[in-house]
Every structure is written in C-alpha cells, then in structure tokens.
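S.K.: sequence below, structure please.
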Amino acid sequence: MRNRRIAPLVAISAVATLVPALTPAVASAATPAPRPTASAYSLKPYMQQKPHWKRCDAQAPANYQCATLKVPLDYTRPGGRTLEVAVSRIKATSPQKRRGVLLLNPGGPGGPGLDMPLYMGPELPTAVKERYDLIGFDPRGVGQSSPVSCGLNEDELNWQRPYKASTFDKDVRWARTVADKCRAKGGAVLPHLTTRNTARDMDVIRAVLGEKKLSYLGYSYGTYLGAVYTQMFPKRTDRFVLDSAVDPERIWRGMIQVWAEGAEPAFTRWSQWTADRHTTYGLGDTSAKVGKTFWDLVAQAERKPIEFQGMLLTGDDIRAGRAMFFDVKGAAEAIAELKKAAEGAPSAAPSRQSTSPRPVPPSFARDVPSDNSDAAFWAVACADTRSWPRDPEQYRRDAIRDRVTYPLYGDFASNIKPCAFWKDGSEPATKVDNSVGALILQNEWDSQTPLVSGQGLRRSMKGSRMVTVLGGQGHGIYGSKSCADKTATAYLTTGTLPAADVTCRATPAQAQNRLQLPLPTPQGLPGSQNRF
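M.R.: Numbering: from 1, shown residues only. Next up is the predicted model:
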C-alpha cells in the first residue's frame with residue numbers, strides 16, 4: 001500500500017521499504033486444496049487460443065509485442081465468466097539456441113509485469129536472452145488484466161496504522177470499511193484473485209505459447225507464485241529462479257509479520273555500523289548511543305512533530321521507516337538529516353531517484369483504477385488463506401505484545417487489517433512441499449523477504465538449491481551484478497543446479513547498492529519495494 005507517513009525520510013534511503021502488516025502468529029499452511037473439477041476438455045478452448053501478437057506501440061521497440069488471452073474467472077466453471085490476461089514477449093535472439101520461454105513476474109501481489117521483458121532485457125545476460133523468449137504478463141486483476149478496484153479514497157489507502165488504544169476502534173472501522181467496499185465493488189471477482197488461480201493462468205500462457213514446460217524468473221511475491229506453480233504443475237516445471245523468497249509456511253500473516261522480526265537485527269547492525277562512523281554522522285560513538293539518539297528523536301517527534309523536508313513527522317512516522325535500516329549507509333544519512341531538522345536546521349531536499357516503471361504503451365493500455373494495486377494486494381493476501389483471525393481483540397492483544405517484542409515496527413505489523421473481515425477465497429492455501437528443482441536467490445539483508453524467509457522456501461522445496469549473498473542488501477538480486485548472477489545464469493542456460501547450497505559474499509560496492517533492480521513501482525503506489 002501507499003506510505004503517506006514517512007516519504008521524505010525514506011526518500012534519502014532508496015532502499016526504504018514499507019508494507020501492510022498483521023499479527024505475530026505464524027500462518028500455518030492449509031491442507032492442499034483439491035484440483036478443480038473441470039475436465040481437461042473443458043479447458044481446451046483456453047489452452048488452444050491463438051494469440052494475436054501486435055507491436056505494443058509505435059514508440060516501443062518493434063520486437064516488443066503484446067497480446068490478450070482469455071482465462072476462466074473460476075477454473076471449476078470454465079464455461080462461465082472470463083477474465084483477460086495481458087501478455088507480452090520479446091523473442092529469443094538466437095533461433096538456433098532457443099530453448100523455450102522465460103516467464104517473468106515482479107512480485108506484489110498487485111505488481112504489473114507486462115513491461116518486464118522491456119526493462120529486464122538490458123539486465124539479463126546475452127546467453128539467457130539467446131535461449132528464451134522473455135514473457136511478461138499482468139496477473140489477473142492487475143494492470144491491463146481485467147483490473148479490479150475497491151473504490152478506496154485517500155484515507156482508506158493509508159494502511160500504516162500503529163496500534164494505539166485511543167485509535168484502535170477507528171482502525172477497526174477502517175479495516176471493515178475497506179473489506180466492505182471491496183466486497184461491494186468486486187465481490188464476484190475478488191474470491192478468485194488467488195495465487196493458485198494465477199498459477200493456473202500461467203499454465204494457460206504456457207500452453208498457448210506451445211511449450212511443454214515453463215521456465216520462470218520470479219521476484220519477491222513472484223517466488224511464492226512460482227513455488228505454487230511447481231506444487232500444482234510439477235511435470236510442467238522446467239528451470240525456475242526464485243529471487244528474494246517468500247516462505248510459504250508463513251502465508252500471509254506470518255510473512256508480513258517477519259518485517260517486524262527482521263527489523264530488530266537490522267537496527268542493531270545499523271547502530272553498530274553507524275557508531276563506527278561517528279565522526280561522519282555524529283549519532284553516537286557506541287551502538288547504545290546511536291540507538292538512544294534514534295529513540296530520542298522518536299520521543300521528541302511524539303511530543304511535537306519534526307518538520308522535515310516539507311512534512312511534519314511524528315514518532316510513528318519515523319518508526320514506519322523501519323526498512324531503511326537494512327541499508328546502513330542510507331539510514332545513517334537519513335537519521336543524521338532528521339537529527340539536524342530536529343535541532344532546527346533546514347533539512348536537505350529529498351532524493352528524486354525514482355523506481356517508477358516505464359509506462360505501458362498507450363496503444364495497448366487501458367485505464368487502470370488508482371487503487372488497483374491496493375485492491376489486488378488485499379484480494380490475494382486475504383483470499384489466499386483462511387488463517388486470518390476474525391476477532392479484532394486478537395489483533396489488539398498481538399499489537400500490544402509485539403510493540404514490546406519488536407519496538408520498531410511490531411505494533412504496525414500486528415494491528416488490524418481488512419483481512420479480518422474478508423470473505424474466504426475460493427479454496428484453501430497451497431502447502432508447498434515438493435522435490436521439484438529450482439534455484440533460490442537470497443540477500444542476507446533483504447528488508448522485505450529476510451533471510452529466514454528464503455530459508456523457509458528452501459525447506460519447503462526440497463529439490464531446490466539456494467544461493468545466499470552474505471552482506472547483500474536490497475530486494476531483488478538477479479540482474480543486479482551480484483555474486484549470485486553467475487550461478488543463476490549457469491542454471492538457466494545449462495539446467496544444472498549446484499550440488500549443494502552456495503554462499504558468496506557481496507563486494508563492498510554491491511553491499512551499498514541501494515536500488516538493485518528496476519522492479520516495478522506503479523505510479524503513485526508503493527510497488528515492489530513496499531511489498532513483496
């Protein structure tokens with residue numbers, strides 16, 4: 001969701017990341033859901049579609065082509081309502097070396113991926129582009145693929161709500177209102193905007209493209225989507241790279257909760273790093289003193305908001321920037337500027353570095369609701385699993401507890417969210433537990449999918465291998481000139497996984513690379529760096 005609380009502070013640290021959050025209990029994986037009852041024959045019309053490829057736009061490269069496919073809203077009723085799924089491609093550069101297609105997903109949920117072949121092409125090795133058609137798509141309900149909306153206003157898009165006894169009733173009303181508005185505007189569609197159904201859409205794409213197997217590169221939430229595909233269609237899985245991984249055992253409350261858990265060691269690491277550079281930042285010459293400087297600023301801002309880069313920041317606004325601490329240098333710069341502002345000095349202008357994607361070519365674009373990314377996010381996060389507590393008091397208790405356990409972000413992560421009032425999705429969550437081969441890439445200091453999250457996916461996918469980038473910062477690895485790139489490229493081009501899990505160490509320059517990849521950030525929305 002959008003972060004309207006800490007934008008100026010976060011702007012100094014391009015890695016700063018914020019996301020919707022819930023409760024401390026780990027989400028248990030549900031019993032594997034049954035396959036849809038639809039017969040293979042009833043899905044034939046979808047699998048045998050002939051895509052009508054066309055140049056996406058006169059200003060776009062000629063080899064960047066777009067098409068629209070039909071998929072069933074409900075795969076158990078394939079003769080019923082359909083959705084459109086927008087697909088794009090850039091063909092393999094070497095017909096002689098071509099292996100198949102590489103489907104791309106940027107994460108989210110709610111992240112559009114139609115233009116990924118266009119902007120990821122320059123980041124990928126020549127050897128990969130020789131062998132694969134790069135295929136992008138907007139997942140169902142997102143972007144150009146039958147986009148959904150809840151009709152949310154500016155206040156309803158604000159999900160950064162720390163727990164306070166005085167505002168909890170208001171937060172409950174907010175969560176209920178969002179769920180009610182989504183149900184009223186998209187009730188027939190939202191239960192079917194699940195990861196399992198998006199995985200089925202991916203299999204339709206595979207079949208329409210004439211491929212027996214699918215290769216895949218998915219970032220962040222895209223790792224969970226890819227893992228679910230391997231569970232549902234193991235025999236159609238070829239080479240899967242799962243980058244910055246979501247732990248399927250924590251879908252979704254536990255996975256969101258890990259932001260609060262992961263922020264504490266990141267803060268400790270940052271405070272020591274900053275103390276070692278006291279002469280540069282002036283925040284304290286011991287870890288304890290740096291920590292005290294930060295919490296003193298939070299307390300000061302709670303008494304009277306601090307004017308910073310044109311905004312008044314409360315203590316909660318400052319805490320909401322928890323993800324900046326995974327980038328030690330960026331956080332030190334940000335807090336040093338905030339300290340000067342608190343002392344009355346003018347604050348520096350915010351960085352204008354943007355992670356906004358290239359716009360969808362106008363000849364192919366449709367109007368997308370302004371709350372589309374948020375609506376799609378809640379739809380997947382709430383409908384994917386049936387483990388969300390229904391009692392608001394459970395959220396209150398969790399938030400009070402976690403403010404003590406994880407003081408930086410615990411109450412944000414555990415406060416109530418719309419999923420408490422959401423209608424169940426069309427089927428239970430998928431339990432990922434297989435031996436399908438895949439390659440998992442994970443930075444040690446990733447704010448959105450911390451290291452323990454990648455390790456969780458590795459445990460669930462027993463046939464996979466994992467590359468851990470020690471000292472690596474940022475969300476998204478492959479294509480960022482990381483030490484993991486060589487292993488990923490070898491796997492995509494030869495199909496050979498490492499014999500065992502691999503660790504490599506980021507160079508100092510890589511460790512300070514604050515914005516690793518141009519993963520999409522929808523205009524005006526938080527995008528990948530603020531979600532999964």
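
S.K.: residues near the residue nearest to residue 437 when sequence neighbours are not counted, how many?
M.R.: In space, and not counting its chain neighbours, residue 437 is closest to residue 463: 4.8 Å by Cβ to Cβ, 6 or more residues apart in numbering. For the C-beta atoms, the positions are set from N, CA and C on the backbone; glycine is no exception. The local packing of residue 463 (other Cβ atoms under 10 Å) involves 12 other residues.

S.K.: wait, residue 463 sits on residue 439?
M.R.: No. The pair residue 463 / residue 439 is not scored as a contact, 10.6 Å apart, by Cβ atoms under 8 Å.

S.K.: other SSEs contacting the host helix or strand of residue 337?
M.R.: Per DSSP states H and E, residue 337 falls inside helix 328-342. Here helix 328-342 touches helix 7-12, helix 253-275, helix 278-281, helix 287-303, strand 306-308, going by 3 or more Cβ pairs under 8 Å, 6 or more residues apart in numbering; DSSP states H and E.

S.K.: check which residues of the longest one are buried.
M.R.: Neighbour counts using 16 or more other Cβ atoms under 10 Å place 253-264, 266-267, 269-271, 273-275 of helix 253-275 among the buried residues.

S.K.: and for the shortest one?
M.R.: For strand 306-308, a neighbour-count test (16+ other Cβ under 10 Å) marks 306, 308 as buried.

S.K.: how about stretch 425-434?
M.R.: 425, 426, 427, 428, 429, 430, 431, 432, 434.

S.K.: swap in stretch 432-441?
M.R.: Within stretch 432-441, the residues that count as buried by 16+ other Cβ under 10 Å are 432, 434, 436, 437, 438, 439, 440, 441.

S.K.: contact partners for residue 367?
M.R.: Under the criterion of Cβ atoms under 8 Å, 6 or more residues apart in numbering, residue 367 has no contact partners.

S.K.: helix, strand, or coil at it?
M.R.: Of the three states, residue 367 takes coil according to DSSP: H, G, I helix; E, B strand; the rest coil.

S.K.: roughly how far apart are residue 300 and residue 281?
M.R.: 18 Å (Cβ to Cβ, to the nearest Å).

S.K.: the two: who's more crowded?
M.R.: Per other Cβ under 10 Å, whichever of residue 300 and residue 281 has more neighbours is residue 281, with 21 against 17.

S.K.: any regions of the chain where pLDDT drops low?
M.R.: Within the chain, the stretches with pLDDT under 70 are 1-41, 347-364, 512-531.

S.K.: which stretches in it count as strands?
M.R.: Shown for the chain, the strands assigned by DSSP state E span residues 54-55, 65-72, 82-90, 100-105, 132-137, 214-219, 237-243, 306-308, 311-313, 439-445, 465-473, 502-505.

S.K.: out of these, deepest packed?
M.R.: With neighbours taken as mean count of other Cβ atoms under 10 Å, the strands of the chain reach their highest mean count in strand 214-219, at a mean of 28.

S.K.: show me the contact partners of it.
M.R.: By Cβ under 8 Å, 6+ apart, strand 214-219 touches 99-107, 120, 132, 202-203, 205-206, 225-226, 229, 233, 236-244, 475-476, 478, 492, 517, 519, 528.

S.K.: that strand vs strand 100-105, what angle?
M.R.: 30 degrees (axes from the mean of the first three to the mean of the last three Cα atoms, to 10 degrees).

S.K.: strands paired with strand 214-219, and their directions?
M.R.: strand 100-105 (parallel), strand 237-243 (parallel) (DSSP bridges).

S.K.: report the angle between the axes of the last one and strand 465-473?
M.R.: With the same axes, to 10 degrees defining the directions, strand 237-243 sits at 20 degrees from strand 465-473.

S.K.: got the contact list for strand 237-243?
M.R.: 100, 213-220, 222-223, 226-227, 229-230, 436-441, 457, 464, 476-478, 488, 491-492, 495.

S.K.: same thing with the first one?
M.R.: For strand 100-105, the external contacting residues (Cβ under 8 Å, 6+ apart) are 89, 111, 113, 116-117, 120, 128, 131-137, 139, 202, 205-206, 209, 211, 213-219, 221-222, 225-226, 238, 492.

S.K.: same check, this time on stretch 398-410
M.R.: Counting by Cβ under 8 Å, 6+ apart, 21, 23-25, 163, 257, 259-261, 263-264, 267, 319-320, 322, 325, 411, 413-415 sit against stretch 398-410.

S.K.: try it again at 6 Å.
M.R.: 23, 24, 163, 260, 263, 264, 267, 319, 322, 411, 414, 415 (Cβ atoms under 6 Å, 6 or more residues apart in numbering).
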